[in-house]
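K.L.:
Got a sequence here, can you build the structure:
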Amino acid sequence: MSDDLQRLEEWAGALIAKLQPAQRRQLVRKIANDLRREHARLIAQQVAPDGTPYPARKNRKELRSKSGRIKRQKAAMFGKLRTNTYLQIRADADQASVGFFGKVARIARVHHEGLPDKVAPRGPSYKYPARTLLGFSAGDTAELHRSILEHLTNDISLR
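P.N.:
The predicted structure follows:
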């Protein structure tokens with residue numbers, strides 16, 4: 001995958017270097033937004049960037065089983081993590097990054113790499129299975145090619 005990114009950089013580097021800083025910033029921001037949207041969709045579908053499904057959640061033991069209570073429906077993992085508040089973009093004219101920043105980055109890292117962590121502040125420790133949240137796929141590099149070409153053709157047609 002790093003070879004694909006290297007070839008993309010070589011192909012697009014000279015073309016992008018000819019753009020004005022404002023145009024580069026606009027292109028980089030658009031690409032980052034597209035990547036964020038795609039990764040949020042994959043997280044919502046519970047699928048890693050390579051297409052493999054996430055390992056299933058561990059079943060919680062029933063804490064109370066009183067009759068007449070409505071059982072909680074199973075919620076998708078990472079419901080809040082995939083929102084724009086947490087899955088953020090940092091961009092300037094030269095680079096963009098899509099990821100988790102601040103306190104939420106620790107939680108995302110634990111799940112991404114499958115590290116042990118406490119379930120609750122004073123609770124037991126649990127080794128979470130690795131669930132890849134962010135990464136490049138072949139579709140992402142094709143989307144980058146398409147976005148760059150589209151931006152450059154729009155820029156040429158405006159002249």
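K.L.:
Could I get the full set of helices for this protein?
P.N.:
Remark: helices assigned in the chain by DSSP state H are 2-17, 21-44, 103-113, 138-158.
K.L.:
by contact count, what packs against the longest one?
P.N.:
Here helix 21-44 is seen to pack against strand 87-91, strand 96-100, helix 138-158 when contacts are counted using 3 or more C-beta pairs under 8 Å, 6 or more residues apart in numbering; DSSP states H and E. Every residue, glycine included, has its C-beta placed from N, CA and C.
K.L.:
Mind checking the pLDDT average for the longest one?
P.N.:
I take that to be helix 138-158. The average pLDDT for helix 138-158 rounds to 80.
K.L.:
Could you pull out the buried residues of that helix?
P.N.:
By 16 or more other C-beta atoms under 10 Å, the buried positions in helix 138-158 come out as 140, 144, 147-148, 151-152.
K.L.:
about what we covered before: turn the helices and strands packed on helix 21-44 into a markdown table, including distance to residue 127.
P.N.:
Formatted as a markdown table, the helices and strands packed on helix 21-44 follow (distance: least, C-beta to C-beta, whole Å):
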| stretch | distance to residue 127 |
| --- | --- |
| strand 87-91 | 24 |
| strand 96-100 | 20 |
| helix 138-158 | 29 |
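K.L.:
out of those, nearest to residue 121?
P.N.:
The minimum distance between residue 121 and those falls on strand 96-100, with 20.2 Å, by C-beta to C-beta.
K.L.:
so how far is that closest one off the chain centroid?
P.N.:
Relative to its parent chain, strand 96-100 has a centroid offset of 8 Å by C-alpha atoms, centre = their mean, to the nearest Å.
K.L.:
That strand packs against which elements?
P.N.:
helix 21-44, strand 87-91, helix 103-113.
K.L.:
what does the longest one rub up against?
P.N.:
This points to helix 21-44. 16, 19, 48-49, 76, 78, 81-84, 87-89, 91-98, 133-134, 139-140, 143-144, 147-148, 151, 155 (C-beta atoms under 8 Å, 6 or more residues apart in numbering).
K.L.:
Endpoints of stretch 94-103, how far apart?
P.N.:
Using C-alpha to C-alpha, to the nearest Å, the end-to-end distance of stretch 94-103 comes out at 26 Å.
K.L.:
for that stretch, which positions count as buried?
P.N.:
Result for stretch 94-103 [16+ other C-beta under 10 Å]: buried residues 96, 98-100.
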